[in-house]
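> what's the 3D shape of this:
(one chain, ligands or ions: 1)
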Amino acid sequence: MVKNKKKIVILGGGYGGVECTRKLEKYFRKDDGIEIVLISEDNFLLFTPMLPQVAAGMLATRHIVMPIRTIIKKTTFYEGRVKNIDPYGKIVNLWGTNEKRGVSIHYDFLVVSLGSETNFFGMSDVEKHAYTIKTLNDAMTIRNRVIDMLEQAENEPNPILRRSLLNFVIVGGGFAGIETAGEIMDLLLDARKYYPNISRDEIKVFVLEALPNILPGFSEKLAKFAHRLLTKNGIEIKLKTAVTSFDGYEIMMKKIEDNPEIKENSEREAIQTRTMIWTAGVTPVNTIKRSMFKTERGKIIVNDFLEVAEFPEVFAIGDCALFVDPTTERPFPPTAQLAEAQAKSAAHNLYSLITNQKMKKFEYKSKGQMAIIGKRNGVASFFGMNISGIWAWALWRNVYISKIPKWDKRLRVLLDWTIDLFFDRDISRLKFADKETSKEYKVLDEVDDVW
Ligand SMILES: Cc1cc2nc3c(=O)[nH]c(=O)nc-3n(C[C@H](O)[C@H](O)[C@H](O)COP(=O)(O)OP(=O)(O)OC[C@H]3O[C@@H](n4cnc5c(N)ncnc54)[C@H](O)[C@@H]3O)c2cc1C
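Next up is the predicted model:
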């Protein structure tokens, strides 16, 4: 047993956290003087690019999650929710609930990769009534909601209510929004044959985007191609359109004018719907915003080596870290690709720091972007090439299946995709019992007990 082991604690079991853990395990595989600890609120890695396919019932829920314990080798894993981080005392506190002990964990080195949550830009009515697509639970809820709307509309004689039930609105034209719109349309069209009273023309899927184009980050040509194809498949895209309110029944929106002087008089419109899916932006989780780290727009400011400047033993990566692209002088968009690249770099720099070697500056060049847009179509810019249509769709599938770390899950996803080629989607609507969320429970919360 090695005395005075140094402890590296990684917060967040998403793309950044898991990749960093795996790299650190490799660097320190023969070093018994280093203990690695990973903390995350879920005990699985969620494969977010496939969430829209779960929402559309193409993939089974468990097939897009990888249990963390099956990926890590010599790391200690804690399933727990981080309450706060004390970078002066070098302690991470976990919430105590009626089911879980609230413990404090000491660290010598820390990697923060707590990701992001949906940003409603202060619109509490939207937050209350809209659906989101960020977690596995969100995807399952959306699928059930879509099927429920078909069930209700099928026997609804009131034409106004019927229309509102069959309008599905996705806010945000980034890849989460576009992929969700494409997949939901596919689900609706596939399921419709079991609802003989619903005609094709009654089903409407809208995408609302505040920018002048969908899919920012893609070339204009690819974004326009995707726009044309989505429109051809019956999806109505409203550009330069900002949501102003949603009460669960009606979305109010306004046109964003190029000329700021006519802003106030800009055209206002409404859509009656029971289903709004909000994908219009992300913001770092509250644990980060409340932390003692310096933040900008909620993200932790890091230096060229991904270290938090005031605390050199702390690194921040992924959606919760602010790293500016030197060419555009704007923060890099939050992607899994960036989180993984930063995870590799942070692990390397942490290893260098511990072994007294020179750290390397983080440099990033995106390998490209890909999105699937429904009906076996996609768009991709990959190593400088622009690809669209079925080839982009096939490329998306190849790339993402190869990114799943375990073979059993790869096979399950492949099987789901194959079954989807030959059979209709399952339209059983599953009900989930709403379980009250755990409240903080003081008796078990032995916060002075440092592990
Ligand atoms: C629908 C959708 C589609 C997407 N498609 C793509 C795509 O095609 N390509 C792409 O590159 N990117 C895509 N993204 C973006 C990508 O998922 C994120 O950029 C990426 O997950 C960021 O990695 P991360 O490690 O920073 O955060 P995450 O992967 O979000 O991981 C954060 C982890 O921290 C945990 N956590 C958060 N708060 C706490 C807490 N207080 N205590 C304990 N644990 C906590 C979370 O449970 C999570 O496990 C998509 C995102 C969504 C939602």
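> quick one: contacts for residue 347?
19, 20, 23, 24, 27, 111 (C-beta atoms under 8 Å, 6 or more residues apart in numbering). All C-beta spots, glycine's among them, are computed from the backbone N, C-alpha and C.
> Wait, a strand at it?
No. Read with DSSP: H, G, I helix; E, B strand; the rest coil, residue 347 is helix and lies in no strand.
> Kindly provide the distance from it to the ligand.
Distance, residue 347 to the ligand, using C-beta to the nearest ligand atom, to the nearest Å: 13 Å.
> How about that residue: what's its closest non-neighbour residue?
residue 23 (3.5 Å; C-beta to C-beta, 6 or more residues apart in numbering).
> what number of residues lie near the closest residue to residue 351 other than its chain neighbours?
Take residue 351 and drop its neighbours on the chain: the residue closest to it by C-beta to C-beta, 6+ apart is residue 27, 4.2 Å away. Neighbour count of residue 27, defined by other C-beta atoms under 10 Å: 17.
> hang on, residue 27 packs against residue 349?
No. Residue 27 lies out of contact with residue 349 (C-beta atoms under 8 Å); the separation is 10.6 Å.
> ranges for the strands of the stretch 101-250 of the chain?
Taking DSSP state E, counting those that start in this stretch as the criterion, the stretch 101-250 of the chain contains strands spanning 104-106, 109-112, 116-118, 131-132, 167-171, 204-208, 235-238, 241-246, 250-255.
> list the helices and strands the last one packs on?
Looking back up the chat, that one is strand 250-255. Here strand 250-255 touches strand 241-246, strand 268-272, going by 3 or more C-beta pairs under 8 Å, 6 or more residues apart in numbering; DSSP states H and E.
> Point out the most buried one among those strands.
Across the helices and strands packed on strand 250-255, the average number of neighbours (mean count of other C-beta atoms under 10 Å) peaks for strand 241-246, which reaches a mean of 19.
> Now do it against strand 268-272, angle only.
Here strand 241-246 points in a direction 60 degrees away from that of strand 268-272 (axes from the mean of the first three to the mean of the last three C-alpha atoms, to 10 degrees).
> Run the angle between strand 241-246 and strand 167-171 for me.
Using the same axes, to 10 degrees: strand 241-246 against strand 167-171 is 110 degrees.
> Show me what strand 241-246 packs onto, helices and strands only.
helix 124-129, strand 204-208, strand 250-255.
> Surely residue 307 and residue 345 touch.
No. Residue 307 is beyond contact range of residue 345, at 10.8 Å (criterion: C-beta under 8 Å).
> ok, the two, which is more surrounded?
residue 345 (23 against 20).
> could you say which helix or strand contains the residue nearest to the more buried one when sequence neighbours are not counted?
Spatial nearest neighbour of residue 345, chain neighbours left out: residue 362 (4.4 Å); criterion: C-beta to C-beta, 6+ apart. Per DSSP states H and E: residue 362 is located in neither a helix nor a strand.
> ok, now how distant is the residue nearest to residue 347 from the ligand?
13 Å.
> for that residue, what are its contacts?
343, 344, 347, 348.
> Please name the nearest non-neighbouring residue to the residue in the stretch 1-150 of the chain that the ligand sits nearest to.
Nearest residue of the stretch 1-150 of the chain to the ligand (C-beta to the nearest ligand atom) works out as residue 14 at 1.7 Å. Excluding the flanking residues, the one nearest residue 14 by C-beta to C-beta, 6+ apart is residue 115, at 4.9 Å.
> next one: residue 242
residue 210 (4.8 Å).
> Please report the number of neighbouring residues for the one residue in the stretch 251-400 of the chain that gets nearest to the ligand.
Nearest to the ligand, among the residues of the stretch 251-400 of the chain, is residue 318, at 2.2 Å (C-beta to the nearest ligand atom). Using other C-beta under 10 Å, residue 318 has 31 neighbouring residues.
> any chance of the helices and strands packed on strand 250-255 in a markdown table, plus distance to the ligand and mean pLDDT?
Conversion of the helices and strands packed on strand 250-255 to a markdown table gives the following (distance: least, C-beta to the nearest ligand atom, whole Å; pLDDT from 0 to 100):
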| stretch | distance to the ligand | mean pLDDT |
| --- | --- | --- |
| strand 241-246 | 19 | 96 |
| strand 268-272 | 22 | 92 |
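> any low-confidence regions in the protein?
1-3, 259-267, 433-451 (pLDDT under 70).
> Would you tell me which residues of it are close to the ligand?
12-17, 39-42, 48-49, 51-52, 81-82, 113-115, 133-134, 175-176, 285, 287, 318-320, 334-337, 339 (C-beta under 6 Å from any ligand atom).
> Now, of the residues you listed, which are buried?
12-17, 39-40, 48-49, 51-52, 81-82, 113-115, 133-134, 175-176, 285, 287, 318-320, 334-337, 339 (16 or more other C-beta atoms under 10 Å).
> so of those, which ones are in helices?
Counting by DSSP state H, these place 15, 16, 17, 51, 52, 175, 176, 287, 336, 337, 339 in helices.
> residues contacting the third one?
I take that to be residue 17. Residue 17 neighbours (C-beta under 8 Å, 6+ apart): 10, 11, 38, 40, 111, 113, 318, 343.
> in a helix, that's where residue 425 is, yeah?
No. Residue 425 is assigned coil when assessed by three-state DSSP, not a helix.
> Now for it: which residues touch it?
56, 57, 58, 187, 190, 191.
> residues contacting the residue nearest to residue 351?
Residue 27 makes contacts with 347, 348, 350, 351, as judged by C-beta under 8 Å, 6+ apart.
> Can you give me the domain boundaries for the protein?
6-41+80-118+283-366, 124-280 (automatic domain parsing).
> closest to residue 381 out of the ones you listed?
Taking C-beta to C-beta, domain 124-280 is the member of the domains of the chain nearest to residue 381, at 5.9 Å.
> Now find how far off-centre the closest one is within its chain.
18 Å (C-alpha atoms, centre = their mean, to the nearest Å).
> First-to-last residue distance for it?
Domain 124-280 has its terminal residues 14 Å apart, counting by C-alpha to C-alpha, to the nearest Å.
> What separation is there between the residue of the stretch 1-150 of the chain closest to the ligand and residue 105?
19 Å (C-beta to C-beta, to the nearest Å).
> coming back round to it: correct me if wrong: the residue nearest to residue 345 contacts residue 307.
No. Residue 362 is beyond contact range of residue 307, at 9.9 Å (criterion: C-beta under 8 Å).
> so who does the most centrally placed residue in the chain touch?
The geometric centre of the chain, computed from its C-alpha atoms, lies nearest to residue 134 (C-alpha atoms, centre = their mean), at 4.5 Å. Residues near residue 134 by C-beta under 8 Å, 6+ apart: 48, 51, 117, 118, 282.
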